[in-house]
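Asker: generate a structure from the sequence data that follows.
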Amino acid sequence: MEICEFDKLKDSFLLLSKSFPKIHLSNFSSVSFPTSSLIYSNGRSMDCPIYFSSFEDRVEIFSSLQKPKKVIVHCSDGTSRAILCKPNDDLRKDLRFLELAVLVNDLLSKKKRPDSCKIEFEFFSLSIGISVYAVVPLNENCGIIEWMEHTLSLRSILLTQYRDLGMTINHSEFVELQKQANFVNYFANTILPQYL
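Answerer: Alright, predicted model coming up:
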């Protein structure tokens, strides 16, 4: 939680050895790494747990409003995996959504339908599903998210598109605009038409 809530940030990275020497030197070998197969097992046989071995010293800080931090963890299986420490966000809702996604995946993967289901739908034979990732709420204000490699956030896709179109977004100015009483009208009538 200390890493999630750390807000003395001026750079795009921090060093655990300087900012969190206790965490950097601590032994976390009995703590399992949060993976989707471990968290959403639903009674199925799950993979063997993977444990934390150590942390990479350099932690990347993202420039978005909440300043989430990407932490690289060296694991007991010899791999390095990343987690996102996300502050100022209630991840319990994310966890519930992902549990629902796992249930939908289970329903879609069932090969045999109950006898009461007289109609066979074509999509039952397709291999479709929702990709899930681990979410661990630490409290109502922060948590840890399993980093998914080879993915892009919607924000990064939109910012790239806007930049290609010659449009820029000043985030600090936008945050200040949100505090104004007439923000909804200003957004709908002035800002939104620029991006349509």
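
Asker: helix/strand/coil for the most centrally placed residue in the chain?
Answerer: Against the mean C-alpha coordinate of the chain, by Cα atoms, centre = their mean, the closest residue is Ile145 at 4.4 Å. The three-state assignment at Ile145 reads strand, by DSSP: H, G, I helix; E, B strand; the rest coil.

Asker: gap between the closest residue to it other than its chain neighbours and Leu103?
Answerer: Leaving aside its chain neighbours, Ile145 sits nearest to Leu84 (4.3 Å; criterion: Cβ to Cβ, 6 or more residues apart in numbering). In this view, the C-beta of every residue, glycine as well, is placed from N, C-alpha and C. Noted for Leu84: a distance of 24 Å to Leu103, by Cβ to Cβ, to the nearest Å.

Asker: more crowded one of those two?
Answerer: Leu84 (19 against 13; other Cβ atoms under 10 Å).

Asker: contacts only, for that one.
Answerer: By Cβ atoms under 8 Å, 6 or more residues apart in numbering, Leu84 lies in contact with 68-71, 144-147.

Asker: now those residues as CSV including distance to Leu158 and pLDDT?
Answerer: What follows is the contacts of Leu84, written out as CSV (distance: Cβ to Cβ, whole Å; pLDDT from 0 to 100):
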residue, distance to Leu158, pLDDT
Pro68, 17, 90
Lys69, 22, 91
Lys70, 20, 93
Val71, 26, 92
Ile144, 25, 91
Ile145, 20, 92
Glu146, 23, 92
Trp147, 20, 92
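
Asker: of all those, which two lie farthest apart?
Answerer: Within those, Lys69 and Glu146 form the most distant pair, 14.2 Å apart (Cβ to Cβ).

Asker: and the helices in this protein?
Answerer: 2-5, 16-19, 21-25, 36-39, 92-109, 154-164, 171-178, 183-186 (DSSP state H).

Asker: among these, which is nearest Val135?
Answerer: Relative to Val135, the nearest member of these by Cβ to Cβ is helix 92-109, separated by 4.5 Å.

Asker: now that closest one - C-alpha only, CSV.
Answerer: The C-alpha coordinates for helix 92-109 follow below in CSV (Å, rounded to 0.1, in the frame of the first residue of the first chain):
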residue,chain,number,x,y,z
ARG,A,92,-13.4,-3.8,-5.7
LYS,A,93,-15.8,-3.0,-8.6
ASP,A,94,-13.1,-4.1,-11.1
LEU,A,95,-12.7,-7.4,-9.2
ARG,A,96,-16.5,-8.0,-9.3
PHE,A,97,-16.6,-7.3,-13.1
LEU,A,98,-13.7,-9.7,-13.7
GLU,A,99,-15.4,-12.4,-11.6
LEU,A,100,-18.5,-11.9,-13.8
ALA,A,101,-16.2,-12.2,-16.9
VAL,A,102,-14.9,-15.5,-15.6
LEU,A,103,-18.4,-16.8,-15.1
VAL,A,104,-19.3,-15.7,-18.7
ASN,A,105,-16.2,-17.5,-19.9
ASP,A,106,-17.2,-20.7,-18.1
LEU,A,107,-20.7,-20.5,-19.6
LEU,A,108,-19.3,-20.0,-23.1
SER,A,109,-16.8,-22.8,-22.8
